[in-house]
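Asker: show me the folded form of this:
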Amino acid sequence: MSQETSKKNEDRLEAIFKLQKGLSEMMNLDRYPKDSENRVSALCTAIMHEAVELQRTTNWKWWKTPIPFNEADAREELIDIWHFVVQASLELNLTPNDIVEEYKKKNEINRERQRTGY
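Answerer: Model (predicted):
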């Protein structure tokens, strides 16, 4: 990936983080956990539930008559997951640059695992 492409992607992540921060500032957070650990835990729960909603857009139930896949609904559920992932990133004080760097590190580990028959 070129420097320019990497910078453009980081700029896009910055934009997403800015949007999420703005959304958070609009919310009533009275029921949101007060400490970081419990906020991350709550966000994990939200991510899992949104993942189930995403799965429900697919024909994963092999015993049921399949229905046409609604890509628009699937995309919406995936973006719901992104909202919670970005919020969890903010809770963990990860910047877009941190995310790119951590992703690169983990991606290399996963590539090595594939090369070595993991």
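Asker: so residue 94 makes contact with residue 101?
Answerer: No - counting by Cβ atoms under 8 Å, residue 94 does not reach residue 101; the two are 9.7 Å apart. Backbone N, C-alpha and C define where each C-beta goes, glycine included.
Asker: which of those two has more residues huddled nearby?
Answerer: Just comparing residue 94 and residue 101: by other Cβ atoms under 10 Å the higher neighbour count belongs to residue 94, 15 against 12.
Asker: helix/strand/coil for that one?
Answerer: Under DSSP: H, G, I helix; E, B strand; the rest coil, residue 94 falls in the coil class.
Asker: buried sites along stretch 108-118?
Answerer: Of all the residues in stretch 108-118, not one is buried under the rule 16 or more other Cβ atoms under 10 Å.
Asker: which residues of this structure score low on pLDDT?
Answerer: Low-confidence segments of the chain (pLDDT under 70): 1, 6, 9-10.
Asker: tell me which stretches of it form strands.
Answerer: Counting by DSSP state E, the chain has no strands at all.
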